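Novice: Okay, sequence plus prediction incoming.
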Amino acid sequence: MNNIVLPAPVRTGGMPIMDAFSKRATQRNYDPTKEIDLQTLSNLLWSAWGFNRADRRTAPTSHNRQEVDLYVSLRSGTYLYDAAANTLVMINGDDLRMASAMQDYVADAPVNLIIVSDTTKIIGKTPQGVTEAIYANAGFISENIYMFCAAFGLGSVTRALVPKEELAKKMNLRSSQVITLVHTVGYTLD
């Protein structure tokens, strides 16, 4: 299995935040011939769920529990984003992009980001509180993805309509790990 060591994320630049808000949109029309280079992927992953301080992430979580894992599905396989090492750790050599989809356009996009929450890391909450926390935290990450894509000319769509049980089996997730949202990312034909 081959891990992918990403280049260091570029943590400056981009467009002004108000311009990015103006450009934020959901896209479903991807160019199947255009890949995302490793530098852009590194910047995207850092923006979504990287460390911006020693023990803090670019998106908040309830009580800083950091129960989220970010998986990256590419043509070359499915990976776990290790933010501390800035590495994609291969979990299997399977292209699971379409396994995460119930929509045809997903096959045209080069990247799917699968947001997974480990419920064992959330203690002291009712079952409803756990559900609320994991989906709120996934939403923060999701918006970071959208804003990065708007600022850097990528299209994105967040999807909750996902065959979660089947996908979890293919990813070898534990029963405590919950797939919350999936983000399809790529260059658009528009």
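Specialist: Perfect, thanks for sending it. Note that the structure is a prediction, hence the values are computed from the model and not measured. Residues are numbered from 1 along each chain as shown.
Novice: the strands in the chain, which residues?
Specialist: Listed from the start of the chain, the chain has strands (DSSP state E) covering 4-5, 51-53, 56-57, 68-74, 77-82, 87-92, 111-118, 155-159, 177-186.
Novice: tell me the angle of the lengthiest helix in the chain relative to strand 177-186?
Specialist: With DSSP state H setting the assignment, residue counts place helix 127-151 as the longest helix in the chain. Counting by axes from the mean of the first three to the mean of the last three Cα atoms, to 10 degrees, helix 127-151 lies at 10 degrees to strand 177-186.
Novice: So which bits of helix 127-151 are buried?
Specialist: Within helix 127-151, the residues that count as buried by 16 or more other Cβ atoms under 10 Å are 130-131, 133-135, 137-138, 140-142, 144-151. Heads up, the C-betas are built off the backbone N, CA and C, glycines and all.
Novice: again, but for stretch 81-94
Specialist: Residues of stretch 81-94 classed as buried by neighbour count (16+ other Cβ under 10 Å): 81, 82, 83, 86, 87, 88, 90, 91.
Novice: go on, stretch 27-46?
Specialist: Going through stretch 27-46 with 16+ other Cβ under 10 Å, the ones that come out buried are 27, 28, 30, 36, 40, 41, 42, 43, 44, 45, 46.
Novice: circling back to that earlier point, the longest helix of the chain: how far from the chain's middle?
Specialist: 10 Å (Cα atoms, centre = their mean, to the nearest Å).
Novice: pLDDT weak spots in this structure?
Specialist: Low-confidence segments of the chain, defined by pLDDT under 70: 1.
Novice: now with 80?
Specialist: Scanning the chain for pLDDT under 80 picks out 1, 190.
Novice: beta partners of the residue nearest the centre of it?
Specialist: For the chain, the residue whose C-alpha lies nearest the mean C-alpha position (Cα atoms, centre = their mean) is residue 113; its distance is 3.2 Å. On DSSP bridges, the residues paired with residue 113 through beta bridges are residue 72, residue 183.
Novice: Please report how far it lies from residue 19.
Specialist: As defined by Cβ to Cβ, to the nearest Å, residue 113 lies at a distance of 23 Å from residue 19.
Novice: No further questions, thank you.
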